[in-house]
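Participant: I would like the atomic coordinates for the input below:
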Amino acid sequence: MVSPQAAAAAAPNSQQTLQFLSSVLSQRGPSSLPYTEDTKWLIRQHLLSLTQTYPSLEPKTATFTHNDGRCVNLLQADGTIPMPFHGVTYNIPVIIWLMESYPRHAPCVYLNPTRDMIIKRPHNHVTPSGLVTVDYLLNWVYPSSNLIDLVRSLGSAFANDPPLYSQRRTNPNANTNTNPNPSQVTAHQHHVYPRPQQGGIPSPRPFPPSPYGGAARIQQQQQQQSHTDDASEVYKRNAVNKILETVHGDLTSMRKSREAEMEGMFNAQAVLRRREEEINGGLKELQDEKEGLEQQLQIVMMNTDVIDGWVRSNEGKVKNFNGGDLDIDAAYDCVDSLSKQMLDSSAADLAIEDVVYALDKAVQEGAVPFDLYLRNVRLLSREQFFHRATAAKVKAAQMHAQVTAMAARAQPRYAT
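Facilitator: Numbers count the residues shown, from 1 in each chain. Sure, this is the predicted structure:
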């Protein structure tokens, strides 16, 4: 259970963390962090949840140097993580780097040992340079993986095999060890790095009083000075403290209101971005529909021009038909001899088809003898075959003439 004092102390830290992350993630220009815009909100939520669950980890910005020499400004969580070992919880110093591709790819975790610590060699999860590799990092899955589960996995892995050792420093003023057994001395020179996790700030170590009594004299002088303070100075300090409390309260309320406004702006930005995508999609569909309608309009205009030309060329024939003498054979004029031959062959072919159909009906009704039907059908079929062959040859000749005409029209265009 968290005490009321701890909860009250954690709230300002959470507000400061939120303000810090909102500030660094909203920067633009050369000093902006190299994260994509669609992942900055998730990065902020991951770090906020991490600091609320593990207050010992603090988000910062620092320069990370890649193996190829590139330097980039990245976010990191610097601090300690709890490691239970033999019923006691120890603090392991680590740095969790959020790389450019985070959270789609796993972060980079390094141990951050102090000067009196050394890394255990060999270790299953830590390289000699301090790089940590655990199964959770290797099996990182976006977007379900997060930093809280990562820290829990690190603590569990380190509990099975502690990665750090602390080397005890020898005191030069200590008396020389008179133990004749050197093995006992060696056994206590190294031990597993242990700093038990404390619930609060440890009290300072008491120092022995000075044998010369100097500390007592200084304390007595300070007490006398406190009794002789001027009343105006006391009033001034109280007034300054009151003003500072008022200003701090105003700043806290102002920060909360600004953070609420920023959250609303982030939500409005997401809504506007979604609407922008919808509008762009609708605009693209309208443009495609417009292009299709323009193509159809061009086709309709071309067909209209063709029909208008045909009507203009046949207006004279309509006037002649109104005179009373109408020759059906003269109603259509062929443009050349091949077209006239094609028209005659097609007409004869269709006429023979009609005659054969009429003979079929007549023989079924018994109006025509069967032997006469066979003789006439054989003669008509022979004649129909010649008409169809003639039409096929005429069509081939027309296609050849059309290709020749197109080549003749296209030749001057490509002439040098």
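Participant: what residue is smack in the middle of the protein?
Facilitator: A centroid search over the chain (Cα atoms, centre = their mean) returns Asp38, at 6.1 Å, as the residue closest to the centre.
Participant: measure Arg409 to Gln402 for me?
Facilitator: Distance from Arg409 to Gln402, counting by Cβ to Cβ, to the nearest Å: 11 Å. Bear in mind the C-beta positions are built from the backbone N, C-alpha and C, glycine included.
Participant: How about Ala389?
Facilitator: Ala389 is 21 Å from Gln402, where distance means Cβ to Cβ.
Participant: same deal with Pro107?
Facilitator: Distance from Pro107 to Gln402, counting by Cβ to Cβ: 72 Å.
Participant: Neighbour count: those two, which is higher?
Facilitator: With neighbours defined as other Cβ atoms under 10 Å, Pro107 and Gln402 compare such that Pro107 has more, 22 against 10.
Participant: Who are the contact partners of that one?
Facilitator: The neighbourhood of Pro107, defined by Cβ atoms under 8 Å, 6 or more residues apart in numbering, consists of 96-99, 137, 147, 150.
Participant: Tell me which entries of those residues lie within helices.
Facilitator: Taking DSSP state H as the definition of helices, those contribute 137, 147, 150.
Participant: Could I have the buried ones of those as ChimeraX selection syntax?
Facilitator: The buried residues among the ones in helices among the contacts of Pro107 can be selected in ChimeraX (16 or more other Cβ atoms under 10 Å) with this line:
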select :137,147,150
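Participant: Can you lay out the ones in helices among the contacts of Pro107 as TSV showing distance to Leu286 and pLDDT?
Facilitator: Output for the ones in helices among the contacts of Pro107, formatted as TSV (distance: Cβ to Cβ, whole Å; pLDDT from 0 to 100):
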residue	distance to Leu286	pLDDT
Leu137	48	92
Leu147	45	93
Leu150	47	93
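Participant: Just the closest of the ones in helices among the contacts of Pro107 to Pro369, please.
Facilitator: Proximity of the ones in helices among the contacts of Pro107 to Pro369 was ranked by Cβ to Cβ; the top entry is Leu137 with 100.7 Å.
Participant: Can you give me the pLDDT of the closest residue to the closest one other than its chain neighbours?
Facilitator: Beyond its immediate neighbours in the sequence, the residue positioned closest to Leu137 (Cβ to Cβ, 6 or more residues apart in numbering) is Ala106, lying 4.6 Å away. On pLDDT, Ala106 comes in at 93.
Participant: try Arg205
Facilitator: Residue-level confidence at Arg205 comes out at 36, pLDDT.
Participant: Ok, Gln5 next?
Facilitator: pLDDT recorded at Gln5 is 44.
Participant: which intervals of the stretch 1-150 of the chain have sub-threshold pLDDT?
Facilitator: In the predicted model, the stretch 1-150 of the chain carries pLDDT under 70 at residues 1-12.
Participant: Kindly recompute the last result at 90.
Facilitator: Scanning the stretch 1-150 of the chain with the threshold set as pLDDT under 90 gives 1-34, 36-41, 66-70, 83-91, 103, 112-125, 128-129, 141-145.
Participant: Nice, that's everything, thank you.
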